[in-house]
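Chemist: okay, sequence plus prediction incoming.
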Amino acid sequence: MQALNEVKAARLCGNRKGAHQHISGLGCAKVCVDEALDAGCDDACGLIGQHKARKAARVVLDLLKSNKSFNRAVLIAGAVGSGKTALAYAIAKELGADVPFVPISASEVYSPDVKPAEVLTQAMRRAVSVTVREEREVIEGEISEIVTSVAADGAKSGTVVLRTKDMESLYCLGPKLLALMERKNIIAGDVIRLDRQNGTVTRLGRSVARCAEYDAFAGDEQFVEVPSGELQRSVETEHRVTLHDIDIVNSRPEGFIALFDGNTGEVSHEVRQKVDAKVEEWVLETKASLELGVLFIDECHLLDVSCFAFLNRVLDTPYAPLLILASNKGVCPLRGTSLRFLHGIPPDFLDRLLAISTQPLGREELRGVLQQRAQLEEARCESAALELLVSIAADSSLRYALNLLTYAATAARRAKAERLDVEHVELCYRIFLDS
């Protein structure tokens, strides 16, 4: 019974919806001169309202894609809950589905163990992905037969017959490879790929010739065509990593295992120079390609003057990602000085930024955001409960109302109610206070 509860808990965690995972883009293809700035955007992309800000973001994207002179730095300023993070996420989605998006808070920059400049450098290099392409010698085909045997000392060995549409061959299996195939439940009729260089096996799917045997499970099984030609072939594989990953692997004696260590520490400047030189060599040889992503720094007014000086310098480097700063402050102190500036940003750095303003959401926009979230939570919300949540969002904050929606949906499911009603919202409103 305890194991069953653990499985249920894991399933609940896996079904949790991210705050911005439903956003697919900006919802506006281009900005026309004669078009109203506060209309003309499609909310089906996941963003609600903020048409003017979304069109400004579209201009930023057009500048990026045109490769014209652009500082690659943007400031999004607006009230709490006006969609600054959502807008930054939408910009990253417009750049590409696999473009890295690295969100951090300015308070994360300060650590007793690592210097702020190192934290910012690691964040910027995590926002640059490297796609490495290489050709590998593999054996690919359908398994016709697997024969295993056990020696007197208990060691397992075996043979496998692989075939394509044009040929068939017998291969010997060692104990490690045989154990790996057993763990992956690979049986006769599966199409597999054996990598001879690193001794790994990949199950590509079930042979289409065996699909009649698994009609009842066709929805869960992937059927693939039997390869044609030679069993042994060269295939091009792609590995997507970030510059920071390569830095860590080359700066730690444990290599790849260091990526799973929470404290990566500092990376020396010499290591990064060697990594950059090697990556540039791969790019020139077309063995790799670079993709500059998005570094999003929220609450940028918490950065001090030395951090802004560092960002001002690294924006001119060739591997600088798109930097998006967000702030909900007006004129405030610049940390590390006695001066006060707009958003706590030095004037020389503020001049480099393209500023986008987000406005507080109206009731209709709040209703749209809450309806969208209810659909993601798979909560059937009564109209009265939705209006109550809209009023709470207008009087308090959108984030508080969204949290209440999640809690109320959970309370409704525990009560086995078919729909989320006012009483579920009121219950959570009494329990969880707005900070």
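Modeler: Ah, there it is.

Chemist: with Ser397 as the reference, measure out to the residue nearest to Lys329 when sequence neighbours are not counted.
Modeler: Of all residues not flanking Lys329 in the chain, His301 sits nearest, at 4.6 Å (Cβ to Cβ, 6 or more residues apart in numbering). Every C-beta, even on glycine, is put in place using the N, C-alpha and C of the backbone. Using Cβ to Cβ, to the nearest Å, His301 is found at 19 Å from Ser397.

Chemist: neighbour-wise, which of the two wins?
Modeler: Between His301 and Ser397, His301 has the larger neighbour count (other Cβ atoms under 10 Å), namely 21 against 16.

Chemist: got the contact list for that one?
Modeler: By Cβ atoms under 8 Å, 6 or more residues apart in numbering, His301 lies in contact with 106, 327, 329, 332, 343-345.

Chemist: how much space separates it from Asp195?
Modeler: With Cβ to Cβ as the criterion, His301 and Asp195 are 51 Å apart.

Chemist: what's in contact with the helix or strand encompassing Thr121?
Modeler: When elements are defined using DSSP states H and E, Thr121 is found to belong to helix 116-126. Residues from elsewhere that reach helix 116-126 (Cβ under 8 Å, 6+ apart): 100, 102, 104, 108-111, 242-244, 247, 264, 266-267, 272, 295, 297, 304, 306-307, 310-311, 314, 319-321, 323.

Chemist: so where do the helices sit in the protein?
Modeler: 2-14, 51-65, 84-95, 116-126, 175-183, 243-251, 269-284, 305-314, 347-350, 363-376, 383-395, 398-414, 422-431 (DSSP state H).

Chemist: turn those into TSV, including distance to Glu230 and mean pLDDT.
Modeler: Converted to TSV, the helices of the chain look like this (distance: least, Cβ to Cβ, whole Å; pLDDT from 0 to 100):
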stretch	distance to Glu230	mean pLDDT
helix 2-14	41	40
helix 51-65	42	88
helix 84-95	40	91
helix 116-126	41	93
helix 175-183	21	84
helix 243-251	34	87
helix 269-284	29	91
helix 305-314	49	94
helix 347-350	59	94
helix 363-376	48	89
helix 383-395	62	91
helix 398-414	55	90
helix 422-431	63	90
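
Chemist: returning to what we had before: could the C-alpha coordinates of the helix holding Thr121 be exported in PDB?
Modeler: What follows is helix 116-126, C-alpha atoms only, in PDB (Å, rounded to 0.1, in the frame of the first residue of the first chain):
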ATOM      1  CA  PRO A 116      28.600  37.900  -8.500                       C
ATOM      2  CA  ALA A 117      30.500  38.200 -11.800                       C
ATOM      3  CA  GLU A 118      31.000  34.400 -11.800                       C
ATOM      4  CA  VAL A 119      27.300  33.800 -11.200                       C
ATOM      5  CA  LEU A 120      26.300  36.100 -14.000                       C
ATOM      6  CA  THR A 121      28.900  34.500 -16.400                       C
ATOM      7  CA  GLN A 122      27.600  31.000 -15.600                       C
ATOM      8  CA  ALA A 123      24.000  32.100 -16.200                       C
ATOM      9  CA  MET A 124      24.900  33.800 -19.600                       C
ATOM     10  CA  ARG A 125      26.800  30.700 -20.700                       C
ATOM     11  CA  ARG A 126      23.900  28.500 -19.700                       C
END
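
Chemist: tilt between that helix and helix 243-251?
Modeler: Taking axes from the mean of the first three to the mean of the last three Cα atoms, to 10 degrees, one finds helix 116-126 and helix 243-251 inclined to each other by 110 degrees.

Chemist: just how off-centre is helix 116-126 within its chain?
Modeler: Relative to its parent chain, helix 116-126 has a centroid offset of 18 Å by Cα atoms, centre = their mean, to the nearest Å.

Chemist: repeat for stretch 146-166
Modeler: For stretch 146-166, the distance to the chain centre is 41 Å (Cα atoms, centre = their mean).

Chemist: and for stretch 182-191?
Modeler: Its chain's C-alpha centre and that of stretch 182-191 lie 31 Å apart, by Cα atoms, centre = their mean.

Chemist: what of stretch 142-160?
Modeler: 42 Å.

Chemist: can I get it in PDB, CA atoms only?
Modeler: Taking C-alpha atoms only, stretch 142-160 is exported to PDB below (Å, rounded to 0.1, in the frame of the first residue of the first chain):
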ATOM      1  CA  GLU A 142      15.300  -6.000 -36.600                       C
ATOM      2  CA  ILE A 143      16.000  -8.800 -34.100                       C
ATOM      3  CA  SER A 144      15.000 -12.100 -35.700                       C
ATOM      4  CA  GLU A 145      16.200 -14.300 -32.800                       C
ATOM      5  CA  ILE A 146      18.000 -14.000 -29.400                       C
ATOM      6  CA  VAL A 147      19.700 -17.000 -27.900                       C
ATOM      7  CA  THR A 148      21.200 -16.800 -24.400                       C
ATOM      8  CA  SER A 149      23.400 -19.300 -22.500                       C
ATOM      9  CA  VAL A 150      24.800 -19.500 -19.000                       C
ATOM     10  CA  ALA A 151      28.400 -20.700 -18.400                       C
ATOM     11  CA  ALA A 152      29.500 -22.900 -15.500                       C
ATOM     12  CA  ASP A 153      30.700 -19.900 -13.600                       C
ATOM     13  CA  GLY A 154      27.300 -18.200 -14.000                       C
ATOM     14  CA  ALA A 155      28.300 -15.700 -16.600                       C
ATOM     15  CA  LYS A 156      25.700 -15.000 -19.300                       C
ATOM     16  CA  SER A 157      26.400 -14.700 -23.000                       C
ATOM     17  CA  GLY A 158      24.400 -15.000 -26.200                       C
ATOM     18  CA  THR A 159      23.900 -14.400 -29.800                       C
ATOM     19  CA  VAL A 160      21.500 -12.200 -31.700                       C
END
